[in-house]
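Undergrad: predicted model and sequence follow; I will ask about them next.
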Amino acid sequence: MRIVVIGHGMVGSRFAQDAAARVPGAHVTVLGREDTAPYNRVLLSSVVAGKADADAIALVSPDADAVDVRQGVSAVEIDRARRLVTASDGSVHRYDRLVLATGSAARVPQIQHVANPDGLVPGVSVLKDLADAQGILAALPKARRAVVLGAGVLGLEVATGLAARGLAVTLVHHADRLMERQLGSSASQVAEGSLGRLGMTVVTQASVTRVVERRGRISAVELSNGAEILTDLLVMCAGTIPETALARRAGLPCERGVVVGTDLASPADPHVFAIGDCAQPPEGGTGLVAQGWDQAQRLVDAWAGAPIAPRDDAAGTDRTNVVRVKASGLEVVTMGLSGKFEHGDRLLRAVRISDPAVGRFVEVVIHEGRLVGATVVGDKATATDLQALYTRGLPVPSDPAHLIVRPIPGAAPASRNAADMADADTVCQCNTVSKGRITDAIADGCESVEDVSRATRACTGCGDCKSLVKEMLVTAASDRKVPAMAGTGEA
Amino acid sequence: MTTPQQDAVAPGPLPGATAATHCPYCALQCAQTLTATPGERLPVAVTGREFPTNRGGLCQKGWTSAEVLRASDRITTPLIRTADGGFREAGWDEALDLVAGRVRELQAESGNDAVAVFGGGGLTNEKAYALGKFARLALGTRLIDYNGRFCMSSAAAASNRALGMDRGLAFPLADLGGADAVLVLGSNMGVTMPPFVQHLAGVRERGGLVVVDPRETVTAKLTRDGAGVHLAAVPGSDMVVLLALLHIVLAEGLQDDAYLADRVEGLDDVRRSVAQWWPERAEAATGVPADTLREVARLLAAASPSRGGRGAYILTGRGVEQMAQGTDCVNAAINLALALGLIGREGSGYGPVTGQGNGQGGREHGQKSDQLPGYRMITDPAARAHVASVWGVDPEVIPGPGVPAVQLLSSLGTADGPRALLVHGSNVVVSAPNATAVEERLRALDLLVVCDLVPSETALLADVVLPVTQWAEEDGTMTNLEGRIIRRRAAVAAPGEARSELWILRELARRLGCDATFSEDAETMFDEMARASAGGKADYSGVTYARLDAGEELFWPCPAPAPGESAHLGTPRPFLESFPTPSGRARMIAVAHRGPADDVRPGMATYLVTGRVLQHYQSGAQTRRVKELAQAQPEAFVEMHPLLAERYGLTEGAVAFLATARGEAMARVRLTTDIRTDTVFMPFHWAGAGSANRLTNDVTDPTSSMPEFKVTAVAIRAAHQLRPASELEGAAR
């Protein structure tokens, strides 16, 4: 079976490798526009933030023996009638199955003077590929101020990353709250508070209307609210647009993305499939790599004849839909239903704790005993637990409040103290020796740890209880002294 | 069974006579002094003995070990199955003649492979060696494997492919004391081998102990009060923890570049493979916060020699190895250790914490289906030629490789499978995964012969039970978790007619017409084993009883000196100069996380993990017979978080019914907040309704054939709610 994959990004490259390894008789060709090995696009913001080396984000390339990878070669035309793909280098590739994994492009908003005939004005950038990240890195040494446009996940990661590098950052966002697709107003306010503590300026309900250029570089931006902000950098994180141009030209149904069914095939052509950011499955594209990887795996499973794991549980929940902001000092995680969601005809329980003064907001949404949504701001531990629960679709406690209020840490005493122990409590775990037995041994004349060890075997395993036994010996010795001293006093 | 009595042949020891030996149980092999106490209820008194590993310490199992010498149901005479299903006592000649006769009949009808052998990691080196030789020469069968397959095979496979050698800890245990960081995954040594904990004192003082475990075990609690960090990872996700730690090390440039350039190959592939495990993604997969992963990666890096630290160690245990991806998981651990420049440097390293008493030596001398003595591959013509020359046979006589344990057990009594099985030092009915199926297979055999001390659950199924000696009654050697060869010394005679397996194998071999050497004298067998191991990876040829008895500390490899050279002093720390790989470099191997084979899902929505309690050892065949231990831990139990228990209407002490895709079990509930709310824990030391291994998964690792004991999806309900498992989750809502 000839499989042609268009796109050599995170999803296309993984699909190609897995298909070559697992689909019997597969002959896989990949056309990749970028002239590099695939890399982890999710970490571009970490590269900008200085938390990851640019050379540490390269991903596994398909084995050259197993997959025919054409780097720096884009697909220019799909001939569905003859099942041929023509590439930019003039090569033509026949397919039995075609997989579109073309990803998405950064959206460049309508901004006056954002570009000149050579492209974006120097200092203005999107962050979609490695070249963008390297461009921003190159501009950093001379930059003191930055404007980040868009407070979605990427915008927040870039803004906090640049702030951590010491730049004065202004975050400009069109909606009335941050991450408006994921966060409600209360959660957003808590998150805004965190940004304030990081020294960032947040301007909501505003857009950038004009770029001011000076000596061939950006020097300021004008906002829709009339403000002008001096800046050395403008990073536009205003969302992405699925790359559908090729599919549209081939007459495949496209809306926001390339329309596919639950089988990831185009309704117009059973030989054409779409996965990752370019696809629009029935449940909608989330723009998350987890969804794309899940789609890649499901497609390979189907072609390899493996049993297909159910994607959604009964509640129709996409278990890959976890949105996690990677930022120091800003803890935001959402999953499934969050922000302003529709209840529909489902009986949903939503339980929340809102604690803005300490920068904490947690909401969990329960449907039929399972977590179908959550919003967590400013509570790392709870966010971690909820993700493990959500991604696995595990049942929740009868009272969901237990999910958002954690037991007081260190419910067991932080340091053990013999005086606080009952006679039946075990002092020596290794030899199951109770406090009572040691007390008896001391009463019978044991005067040292060694004596107690000989009499009871306590402290002869790991030796960790020596301090407890010592404490008991000291206490017993002082107890013996007390009556004697009292007697002296009376005399 | 006869009343225990002193063997009339061997004179009893004098009162007060002592023997310096080691504990019968785990791989720490704590040193003990046995003092003969003729006339007392127990024949010896046990005390701890100063030794570099246990430093005089013993746990409760060790202190009470003499009880097993006089277990009330100790088998003291051969037993033969009777027509009414019971046993009758028999003399040795009758029992051995019966076994040999049946073996000959079955092999005549169905070929040599009609008879299989199952060994154990508790057997001395001499017995393990003799058993492998017996299978290949006296039985001529290729079918031999052992319970170490359930224990060390993943760590062994990973070490061999990455480092070129599997020496367990490639350093003396005491080296741990000087480290700034020790990362422990899947081991609860605070419970399984308590005296080990003494060696963690230094790293705890420096705040560098990191324990990865879904439970806050005794070992995990050692990280409290600033002594370190406990990562309560989701069961089955330990490998992601390791991949993410390596991701962070490389992303932040914390690796040891000079060491990597000089001593390691394969970094590029591994770098790319871990690029997909950024900390935030790992957080959802592991339940460990991304920032905690970063802290731990930096802690390990700061402890590594290239960044000026005192050193760091990574240790793995069964918790991460007993997985269908166990070998890859250990390779992920080794990859991390290599990136940090830890292996082959004094004061740093990687090591698996071996479990069974002779888990190390037991895997080196020919009990494994694919190996010959000296850790040689049975398919290697040179290895076959060498061993054949020591055995005095033509290499053609030695059969080819057999099949690993789970496959062997599941083939018993099937149309093409073995018709007879000889079991030595293993209680497979309790200790093998999917135990109910194992019992069915044993019942389907024409002949089951079990050598045992006591009527273990496996012995009770046998056609012939042969009583054997145990620890204090025999001489031999063991190889502990450090790769140190130590002496086991007899202090008392065995009761009744119990005999060493060395004698039994000699007698059986003679009856089967095999003229190869089988001696009941341990030293004779050791010397032959040492010659057979010469030139192999696990080379013991320079080791003698005389050197060990003189107090020399010998770690293998310890080859015999060439003529004119002085004696080899052993190898406490292999890899210091180079790795025994073709290139001399260690190999980083790109591995992928696949997750549990039987993962949680609606209807089976909780993870089951299994493990040990301090008072019991393995299948409990020995320790359940020690009153003090049985009283402390009398029965099986299932540990769970109160939030989980509440969902199923379970309270402390209630009986929970547990079901997996393979079997069912019942156990009393113990509530604790020391466990994740999505996980329950069961110890596996008990048989019957409380047998954890009726639930465990017998799917195996593709490389090591290790079964996935450590994680499976389980359905839970209160035992009084009699509803089918499929409705369980619905009922719990």
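TA: Sure, I can see it. Numbers count the residues shown, from 1 in each chain, chains lettered A, B, ... in the order given.
Undergrad: who's in contact with the nearest residue to B:Val218 once chain neighbours are set aside?
TA: For B:Val218, the nearest residue in space outside its immediate sequence neighbours is B:Gly190; the separation is 3.6 Å by C-beta to C-beta, 6 or more residues apart in numbering or on different chains. The way it works is simple: take the backbone N, C-alpha and C, and place the C-beta from them, glycine included. The neighbourhood of B:Gly190, defined by C-beta atoms under 8 Å, 6 or more residues apart in numbering or on different chains, consists of A:Gln429, A:Cys462, B:Phe196, B:Val197, B:Thr217, B:Val218, B:Thr219, B:Lys221, B:Leu222.
Undergrad: where does the closest residue to B:Leu372 other than its chain neighbours land in three-state SS?
TA: Spatial nearest neighbour of B:Leu372, excluding adjacent residues (C-beta to C-beta, 6+ apart): B:Val387 at 4.7 Å. Under the three-state scheme (DSSP: H, G, I helix; E, B strand; the rest coil), the conformation of B:Val387 reads as helix.
Undergrad: what sits against B:Val387?
TA: Residues in contact with B:Val387 (C-beta under 8 Å, 6+ apart) are B:Leu372, B:Pro373, B:Gly374, B:Arg376, B:Ile398, B:Ala532.
Undergrad: for B:Gln618, state which of those residues is nearest.
TA: Out of the contacts of B:Val387, the one with the shortest distance to B:Gln618 is B:Pro373. That distance is 24.6 Å, counting by C-beta to C-beta.
Undergrad: show me where chain A dips below the pLDDT cut-off.
TA: Counting by pLDDT under 70, chain A contains low-confidence residues at A:308-316, A:407-416, A:481-491.
Undergrad: spatially central, which residue of it would that be?
TA: For chain A, the residue sitting closest to the mean C-alpha position, by C-alpha atoms, centre = their mean, is A:Arg324 at 3.6 Å.
Undergrad: quick check: the residue nearest to B:Val218 is in a strand.
TA: No. Under the criterion used here (three-state DSSP), B:Gly190 is helix, not part of a strand.
Undergrad: pull up the per-residue confidence for it.
TA: Each residue has a pLDDT score; the one for B:Gly190 is 94.
Undergrad: same question for B:Val626.
TA: 94.
Undergrad: what residues are up against it?
TA: B:Val626 sits next to B:Lys61, B:Thr64, B:Ser65, B:Glu67, B:Val68, B:Ala71 when contact means C-beta under 8 Å, 6+ apart.
Undergrad: next, give phi and psi for it.
TA: Torsion angles at B:Val626 (phi, psi; degrees, to the nearest 10) stand at phi -100, psi 120.
Undergrad: show the backbone phi and psi for B:Arg310.
TA: Main-chain torsions, B:Arg310, degrees, to the nearest 10: phi -80, psi -20.
Undergrad: so it makes contact with B:Gly178?
TA: Yes. Between B:Arg310 and B:Gly178 a contact is recorded at 5.7 Å, counting by C-beta atoms under 8 Å.
Undergrad: shared neighbours of those two, anything?
TA: Residues touching both B:Arg310 and B:Gly178 comprise B:Gly347, with contact defined as C-beta under 8 Å, 6+ apart.
Undergrad: check contacts around B:Asn125.
TA: B:358, B:361-362, B:364-365, B:476-479, B:485, B:526, B:529, B:540.
Undergrad: 7 Å instead, please
TA: Each residue near B:Asn125 by C-beta atoms under 7 Å, 6 or more residues apart in numbering or on different chains is listed here: B:Asn358, B:Gly361, B:His365, B:Gly476, B:Thr477, B:Met478, B:Thr479, B:Phe526, B:Met529.
Undergrad: for it, which non-adjacent residue is spatially closest?
TA: In space, B:Asn125 comes closest to B:Gly361 once its chain neighbours are excluded; the distance is 4.3 Å by C-beta to C-beta, 6+ apart.
Undergrad: tally of neighbours for the one you found?
TA: A total of 34 residues lie near B:Gly361 under the criterion other C-beta atoms under 10 Å in any protein chain shown.
Undergrad: and it, its phi and psi?
TA: The phi and psi torsions at B:Gly361 (degrees, to the nearest 10) take the values phi -60, psi -30.
Undergrad: and B:Asn697, by the same measure?
TA: For B:Asn697, the backbone dihedrals are phi -90, psi 130 (criterion: degrees, to the nearest 10).
Undergrad: can you check B:Ala550 too?
TA: Listed backbone geometry of B:Ala550 is phi -80, psi 0, with angles given as degrees, to the nearest 10.
Undergrad: surely B:Met525 touches B:Lys127?
TA: No. Between B:Met525 and B:Lys127 no contact is recorded; they are 8.1 Å apart, counting by C-beta atoms under 7 Å.
Undergrad: overlap of the contact sets of these two?
TA: With C-beta under 7 Å, 6+ apart as the test, B:Met525 and B:Lys127 both reach B:Leu502.
Undergrad: looking at these two, which is more packed in?
TA: Each of B:Met525 and B:Lys127 has its neighbours counted (other C-beta under 10 Å); B:Lys127 has more, 31 against 25.
Undergrad: just confirm the more buried one contacts B:Glu501, I think it does.
TA: Yes. Counting by C-beta under 7 Å, a contact exists between B:Lys127 and B:Glu501, whose distance comes to 5.0 Å.
Undergrad: hey, what's in contact with both of the two?
TA: Going by C-beta under 7 Å, 6+ apart, no residue sits against B:Lys127 while also sitting against B:Glu501.
Undergrad: any idea how far B:Gly132 is from B:Val423?
TA: With the distance defined as C-beta to C-beta, to the nearest Å, B:Val423 ends up 15 Å from B:Gly132.
Undergrad: that should have said B:Val182, apologies.
TA: For B:Val182, the distance to B:Gly132 (C-beta to C-beta) stands at 35 Å.
Undergrad: give me the residue from the stretch 151-300 of chain A nearest chain B.
TA: Residue nearest to chain B within the stretch 151-300 of chain A (C-beta to the nearest C-beta): A:Ala290, separated by 7.7 Å.
Undergrad: neighbours of that residue, how many?
TA: Using other C-beta under 10 Å, A:Ala290 is surrounded by 19 other residues.
Undergrad: one more: B:Ala597?
TA: Using other C-beta under 10 Å, the number of residues around B:Ala597 comes to 18.
Undergrad: that one touches B:Asp698, doesn't it?
TA: No. Counting by C-beta under 7 Å, B:Ala597 stays clear of B:Asp698, with 10.0 Å between them.
Undergrad: give me the below-cutoff pLDDT ranges for the stretch 551-700 of chain B.
TA: Per-residue confidence for the stretch 551-700 of chain B (pLDDT under 70) gives no ranges below the cut-off.
Undergrad: can you list the residues of it near chain A?
TA: With C-beta under 7 Å from any C-beta of the partner chain as the criterion, the stretch 551-700 of chain B comes near chain A at residues B:Val600, B:Pro602, B:Ala605, B:Leu614, B:Ala632, B:Leu643, B:Glu646, B:Arg647, B:Thr673, B:Asp678.
Undergrad: ok, back up a step: tell me the most packed of the contacts of B:Gly190, by neighbour count.
TA: Neighbour counts for the contacts of B:Gly190 were taken using other C-beta under 10 Å; the highest belongs to A:Cys462, with 29 neighbours.
Undergrad: quick check: that one touching A:Cys430?
TA: Yes. The pair A:Cys462 / A:Cys430 is scored as a contact, 5.5 Å apart, by C-beta under 7 Å.
Undergrad: mind listing the shared neighbours of the two?
TA: Shared contacts of A:Cys462 and A:Cys430, defined by C-beta under 7 Å, 6+ apart, are found at B:Pro194.
Undergrad: next one: phi and psi at the residue nearest to B:Ala388 when sequence neighbours are not counted?
TA: With C-beta to C-beta, 6+ apart as the criterion, B:Ala388 has its nearest non-adjacent residue at 4.1 Å, and that residue is B:Pro395. Main-chain dihedrals, B:Pro395, degrees, to the nearest 10: phi -50, psi -30.
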